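Asker: Next come a sequence and a model predicted from it.
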Amino acid sequence: MLSSKATIRWIEDDYNQSALLYERALNILERALDSDHAQLAPTLSGWGKLYLDNGRFDLAEPLLQRAFFLYKTAQGPISAEVGDILTALAECLYTMGRYEKAVFQCAKQVWRFLWNEILIRVRSIQPLVPNIA
């Protein structure tokens with residue numbers, strides 16, 4: 001509920017109020033859930049993107065990193081949320097001049113995606129190969 005209000009304030013260009021609402025929402029969620037619970041990710045993501053949009057890259061990065069970790073842990077490396085947060089994180093890092101880290105983060109996720117696709121395809125044809133023992 002607070003995260004939704006924070007997003008509305010952000011849309012209305014009330015960045016300070018939005019940041020306060022995201023912070024309150026996160027504090028409430030962290031008291032109710034484990035610190036690594038996946039339900040924290042959307043609030044972290046929204047707050048991080050707010051700071052990214054506002055040019056506060058130093059504050060955006062740790063929030064986006066944590067949201068990325070939570071999404072990736074909960075959903076695996078291949079999901080819309082992971083792709084979305086990875087894009088925001090790469091933009092943040094790139095804008096801060098940390099080009100190598102931005103490229104590395106993206107490349108690592110693309111490699112994991114491709115590797116998973118290869119494994120899925122190999123496993124799907126594996127039963128067709130006779131066991132020659």
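Answerer: Received it, and whenever you're ready, just let me know what you need.
Asker: Okay, Leu63 and Ser3: tell me how far apart.
Answerer: Leu63 sits 13 Å away from Ser3, going by Cβ to Cβ, to the nearest Å. For every residue, glycine as well, the C-beta is placed using N, CA and C.
Asker: Looking at the two, which one has more neighbours?
Answerer: Counted by other Cβ atoms under 10 Å, Leu63 and Ser3 do not tie: Leu63 has more neighbours, with 25 against 21.
Asker: Hmm, that one is touching Thr43, no?
Answerer: No. Counting by Cβ atoms under 8 Å, Leu63 stays clear of Thr43, with 9.0 Å between them.
Asker: how about stretch 32-52: buried residues?
Answerer: Buried residues in stretch 32-52, defined by neighbour count with 16 or more other Cβ atoms under 10 Å: 38, 40-52.
Asker: so which of those residues comes closest to Asp84?
Answerer: Nearest to Asp84, judged by Cβ to Cβ, of the buried residues of stretch 32-52 is Ser45 at 7.7 Å.
Asker: Any chance of TSV for the buried residues of stretch 32-52, columns secondary structure and distance to Gly76?
Answerer: Output for these, formatted as TSV (DSSP: H, G, I helix; E, B strand; the rest coil; distance: Cβ to Cβ, whole Å):
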residue	secondary structure	distance to Gly76
Ala38	helix	12
Leu40	helix	17
Ala41	helix	13
Pro42	helix	17
Thr43	helix	21
Leu44	helix	18
Ser45	helix	17
Gly46	helix	22
Trp47	helix	23
Gly48	helix	21
Lys49	helix	22
Leu50	helix	26
Tyr51	helix	26
Leu52	helix	24
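Asker: Looking at those residues, spot the one nearest Leu86.
Answerer: Nearest to Leu86, judged by Cβ to Cβ, of the buried residues of stretch 32-52 is Ser45 at 10.8 Å.
Asker: Does the closest one touch Ala88 like I think?
Answerer: Yes. Using Cβ under 8 Å, Ser45 makes contact with Ala88 at a distance of 7.4 Å.
Asker: which residues are common contacts for these two?
Answerer: Residues touching both Ser45 and Ala88 by Cβ atoms under 8 Å, 6 or more residues apart in numbering: Leu64.
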